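Colleague: what follows is a predicted protein model with its sequence.
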Amino acid sequence: MAHFLSIILRNQFNLFYRFGHTFIPKSELVEFDGNISDEIKERIVLQFATTTPFEYDEEYLILHLEKSISDDRFIQFEIQDIVEIYPLSLQAKTSIESKIDQRIKLEKPIFESVLPEIESEIKKREVEKAISALWTICKIENPLEKYLSDIGIENIFKGLEHRKKRTKANKIQNGNYWEYLIAYDRFDYFPNTTLGCFYDAGQIFAFSKGHTTFEGSGVYTFLEKLKSENSTVKLEKIIEHLETEEILQNYVSQTTSDNIKQYIVAPLYLKLRNEIRNSEDITQTSLFRYLDKFKKFGDSFYYVIILLGAFFGFRKFYDLYYESLNLRFYKSYKIPTSEVKTEERQEQVEKDEQKVEDSIVENEKEKVPSEEIQIEAPVNNADLTQKDEQEYEDNLSQYRKIIENALKEKSEIKLADLVTLINEQTGRDFNNTNVKGIVEQMGEFEICKIDRAYRVRRKNQLDLYPMTDERK
């Protein structure tokens with residue numbers, strides 16, 4: 001008997017318990033010798049990397065199973081194959097035990113030691129998904145990977161880790177600029193305006209250089225002067241001052257790294273972050289109301305989008321993201337314009353083809369009073385010589401063979417297409433009436449009119465088309 005560990009959703013375990021068996025893909029089983037070592041725990045961490053992410057640690061259980069299995073891709077386990085059941089944490093154990101059959105014993109949560117590693121990987125994937133989602137929502141066509149690489153995803157994760165540990169930005173030692181920016185929260189008495197975000201940006205820059213404050217610097221003096229003159233000055237005007245006034249060029253130079261204008265990115269990010277934080281409806285925030293205006297900041301705005309996505313996470317934006325995707329299973333799904341145009345063009349092509357086909361049929365009716373088959377052979381078989389009669393039968397057999405082969409590959413075929421096929425393979429110049437006569441003589445096939453086109457098909461096959469007055 002072999003031993004396995006399997007990660008299983010608690011709802012799946014409930015159904016397993018209810019019906020007495022379940023199926024688990026062989027690829028989701030971790031085989032071991034019955035002793036759970038640190039190596040086995042790491043394999044469980046890797047297994048979680050390809051499992052649907054979870055929000056609460058009570059959503060999953062880890063089953064110890066014992067069974068001789070085959071090489072099948074899906075293994076059926078019976079309830080008696082369960083040896084032990086492991087919750088992911090002590091808290092999860094307490095919560096689950098209060099909700100399940102009291103006879104079930106949950107083991108000590110020996111995998112709790114690797115739970116932080118599992119949760120960290122889930123968080124990283126969520127951050128990456130959030131950034132990508134907000135990028136899509138804002139309809140940014142530039143490649144995300146380039147901008148994400150400029151900032152460095154690891155720098156973003158480090159900044160978020162500082163926030164998780166409640167490490168203040170001024171306490172970070174030897175960090176990257178982006179760590180300080182993401183970890184930063186205001187603790188100083190700066191103006192609660194757009195101008196105040198430039199104070200924050202100055203403070204973050206000071207922290208990144210190992211200073212405790214930026215007070216006394218040239219940029220601080222400038223901001224104080226601007227506050228006294230016009231405390232409600234607009235974002236664009238402040239940036240204009242930074243980029244044109246001589247006294248501020250040293251600050252601008254030091255806050256421009258790898259062509260990233262941190263002196264724009266930081267205050268713009270903090271401004272939008274504060275607004276989104278305090279808004280009950282993010283669609284009413286400046287980010288979405290004035291999106292086109294912000295896009296004029298170009299690359300600087302794109303870096304801001306990455307930081308906002310990372311800071312708020314996927315949960316904050318997934319509603320808007322799903323709306324922007326125009327999901328096909330949503331009631332509000334709209335057929336893309338390109339597909340509508342393609343369908344309209346196809347319908348027009350079919351209408352044009354039908355007009356041509358109907359015109360050919362009408363002309364043939366005028367030319368040929370009878371729908372009898374017109375083959376290059378005498379009509380009265382009694383007048384045929386033996387050689388002519390044999391040639392006539394051979395030709396007819398060839399035409400029938402072509403029709404039969406065509407209807408082996410398809411359930412039905414347009415009469416016009418069948419005419420083309422016979423002419424190509426025999427070198428004849430048949431028309432619809434000629435071929436129609438051959439089909440009617442064969443007996444096992446019929447001709448019907450479907451969607452304004454004559455089609456040939458085998459008799460008594462399942463009719464997938466509704467009857468119309470033309471077909472009755």
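Modeller: Nice, I can see it.
Colleague: pLDDT weak spots in the chain?
Modeller: 338-392, 409, 450-452, 460-472 (pLDDT under 70).
Colleague: spatially nearest residue to the residue nearest the centre of it (excluding sequence neighbours)?
Modeller: Residue closest to the mean C-alpha point of the chain, counted by CA atoms, centre = their mean, is residue 325 at 8.1 Å. Nearest residue to residue 325 in three dimensions, chain neighbours excluded: residue 136, at 7.4 Å (CB to CB, 6 or more residues apart in numbering). Every residue, glycine included, has its C-beta placed from N, CA and C.
Colleague: from memory that neighbour sits against residue 324, does it?
Modeller: Yes: the pair residue 136 / residue 324 is scored as a contact, 5.7 Å apart, by CB atoms under 8 Å.
Colleague: give me the common contacts of the two.
Modeller: When contacts are counted by CB atoms under 8 Å, 6 or more residues apart in numbering, the set common to residue 136 and residue 324 is empty.
Colleague: quick check: phi and psi on the nearest residue to residue 425 once chain neighbours are set aside?
Modeller: Sequence neighbours aside, residue 402 is the residue nearest to residue 425 in space, at 5.7 Å (criterion: CB to CB, 6+ apart). Per-residue torsions, residue 402: phi -60, psi -40 (degrees, to the nearest 10).
Colleague: what sits against residue 402?
Modeller: Counting by CB under 8 Å, 6+ apart, residue 402 has contacts 421-422, 425-426.
Colleague: can I get stretch 188-205 in CSV? Just the C-alpha atoms.
Modeller: Extracted in CSV, the C-alpha atoms of stretch 188-205 (Å, rounded to 0.1, in the frame of the first residue of the first chain):
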residue,chain,number,x,y,z
ASP,A,188,3.7,64.9,9.7
TYR,A,189,1.4,68.0,9.6
PHE,A,190,1.5,68.5,5.9
PRO,A,191,-1.4,70.2,4.0
ASN,A,192,-4.3,67.9,3.2
THR,A,193,-4.2,69.0,-0.4
THR,A,194,-2.5,68.1,-3.7
LEU,A,195,0.4,70.3,-2.6
GLY,A,196,0.7,68.1,0.6
CYS,A,197,1.5,65.1,-1.6
PHE,A,198,4.6,66.9,-2.8
TYR,A,199,5.6,67.4,0.8
ASP,A,200,5.2,63.6,1.3
ALA,A,201,7.3,63.0,-1.8
GLY,A,202,10.1,65.1,-0.4
GLN,A,203,9.9,63.3,2.9
ILE,A,204,10.1,59.9,1.2
PHE,A,205,13.1,61.0,-0.8
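Colleague: in it, what's buried?
Modeller: Neighbour-count burial for stretch 188-205, counted by 16 or more other CB atoms under 10 Å, picks out 190, 194-205.
Colleague: for stretch 152-165, same thing?
Modeller: By neighbour count with 16+ other CB under 10 Å, stretch 152-165 contains the buried residues 155-160, 162-163.
Colleague: closest one of the residues you listed to residue 67?
Modeller: Proximity of the buried residues of stretch 152-165 to residue 67 was ranked by CB to CB; the top entry is residue 157 with 39.8 Å.
Colleague: correct me, but that closest one touches residue 121?
Modeller: No: Residue 157 is beyond contact range of residue 121, at 10.7 Å (criterion: CB under 8 Å).
Colleague: for residue 43, see how far away the residue lying closest to residue 258 once chain neighbours are set aside is.
Modeller: Leaving aside its chain neighbours, residue 258 sits nearest to residue 150 (6.2 Å; criterion: CB to CB, 6+ apart). Distance, residue 150 to residue 43, by CB to CB, to the nearest Å: 35 Å.
Colleague: with residue 135 instead?
Modeller: 34 Å.
Colleague: what about those two, which has more around it?
Modeller: Neighbour count, other CB atoms under 10 Å: between residue 135 and residue 43, residue 135 has more, with 21 against 15.
Colleague: now the more buried one: phi and psi?
Modeller: With angles defined as degrees, to the nearest 10, residue 135 sits at phi -60, psi -40.
Colleague: which residues touch it?
Modeller: Neighbouring residues of residue 135 by CB under 8 Å, 6+ apart: 144, 305-306, 309.
Colleague: take these and keep only those in strands.
Modeller: Assignment to strands by DSSP state E places none of those there.
Colleague: among those residues, name the buried ones.
Modeller: Counted by 16+ other CB under 10 Å, the contacts of residue 135 give 144, 305-306, 309 as buried.
Colleague: look up how far residue 270 lies from the nearest residue to residue 206 once chain neighbours are set aside.
Modeller: Distances taken as CB to CB, 6+ apart put residue 214 closest to residue 206, at 3.9 Å, once the chain neighbours are dropped. Here the criterion is CB to CB. By it, residue 214 lies 15 Å from residue 270.
Colleague: wait, residue 13 touches residue 63, no?
Modeller: Yes: taking contacts as CB under 8 Å, residue 13 lies within contact range of residue 63: 7.4 Å.
Colleague: who's more crowded, the two?
Modeller: Taking neighbours as other CB under 10 Å, residue 13 and residue 63 compare with residue 63 leading, 22 against 19.
Colleague: surely that one and residue 79 touch.
Modeller: No: assessed by CB under 8 Å, residue 63 is found out of contact with residue 79, at 10.8 Å.
Colleague: helices of the stretch 101-250 of the chain, start to end?
Modeller: Remark: helices assigned in the stretch 101-250 of the chain by DSSP state H, counting those that start in this stretch are 115-137, 144-151, 153-164, 177-183, 194-208, 218-229, 235-244, 249-254.
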